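> Structure of the sequence below:
(2 chains)
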Amino acid sequence: NAGVTQTPKFQVLKTGQSMTLQCAQDMNHNSMYWYRQDPGMGLRLIYYSASEGTTDKGEVPNGYNVSRLNKREFSLRLESAAPSQTSVYFCASSYLNSNGYTFGSGTRLTVV
Amino acid sequence: AQSVTQLDSHVSVSEGTPVLLRCNYSSSYSPSLFWYVQHPNKGLQLLLKYTSAATLVKGINGFEAEFKKSETSFHLTKPSAHMSDAAEYFCVVSDRVSGNTPLVFGKGTRLSVIA
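From the prediction side, this is the model:
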């Protein structure tokens, strides 16, 4: 049982390049989330998808776009990467919030 | 609106001594509360959760937390720290009435365990 799978695990981008972070879950969860983690800041929500076909902005959406491709997959796109987007990105999914989230192992992104 | 405050950014204990990580929450409705643990360079793992059943919740690896509504607290404890407990710990709150409104995370407490 894979849970939540994120790819890639590591990435280095040059300023202005674009890339898509992939996330897939095999638990039939309705909701999926993208967070970024920076030292001393905890986890900050970028975007989420409460159900297939819907997406909503979180706390820090600027510079990002998302696509809920189907119930399993939720991708995060950086159209023009900036050094401020250097961070560790986590995808998570849930069936009900009362059960908590299942997290992927993260993508460590460096923008130079 | 819901929020969570972890009162210590860093806690250091000696191996074999008790652990106390403090968390206060604010919620308009009956909350669900969670503790997650993150070991270095790893993802987040659910440690325990409170969802309105027993107020003393037991989790993995000997950790437990007590929900105290009068104090709006959900502190995490362990009787005896082990070196493997060194990690980042996050307190998390959810309003159970609000369906799938995203969980709110605290900023984390880094636990160091000294041999």
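> Now do the contacts for residue A:5.
By CB atoms under 8 Å, 6 or more residues apart in numbering or on different chains, residue A:5 lies in contact with A:23-26, A:104. No exception for glycine: its C-beta is placed from N, CA and C like everyone else's.
> Could you tell me how many residues sit around residue 94?
All of this is about chain A. Other residues within reach of residue A:94 by the criterion other CB atoms under 10 Å in any protein chain shown amount to 23.
> nope, chain B please
Neighbour count of residue B:94, defined by other CB under 10 Å: 30.
> Please read off the pLDDT at it from the model.
Residue B:94 carries a pLDDT value of 85.
> Double-check it against residue B:101; I have them as touching.
Yes - counting by CB atoms under 8 Å, residue B:94 touches residue B:101, with 7.3 Å between them.
> what's the overlap in contacts for those two?
With CB under 8 Å, 6+ apart, residue B:94 and residue B:101 have common neighbours residue A:97.
> Now for the residue lying closest to residue B:66 once chain neighbours are set aside, how many residues are close by?
Computed as CB to CB, 6 or more residues apart in numbering or on different chains, the closest residue to residue B:66 that is not its neighbour in sequence is residue B:56, at 5.1 Å. Number of residues near residue B:56 (other CB under 10 Å) recorded here: 11.
> which ones are touching the residue most central in space within chain A?
Central residue of chain A (CA atoms, centre = their mean): residue A:34, 3.0 Å from the mean position. The contact partners of residue A:34, taken as CB under 8 Å, 6+ apart, are A:21, A:23, A:45-48, A:58, A:64, A:66, A:74, A:76, A:89-91.
> Would you format those as CSV with secondary structure included?
Output for the contacts of residue A:34, formatted as CSV (DSSP: H, G, I helix; E, B strand; the rest coil):
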residue, secondary structure
A:21, strand
A:23, strand
A:45, strand
A:46, strand
A:47, strand
A:48, strand
A:58, coil
A:64, strand
A:66, strand
A:74, strand
A:76, strand
A:89, strand
A:90, strand
A:91, strand
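> Appreciated, that's everything.
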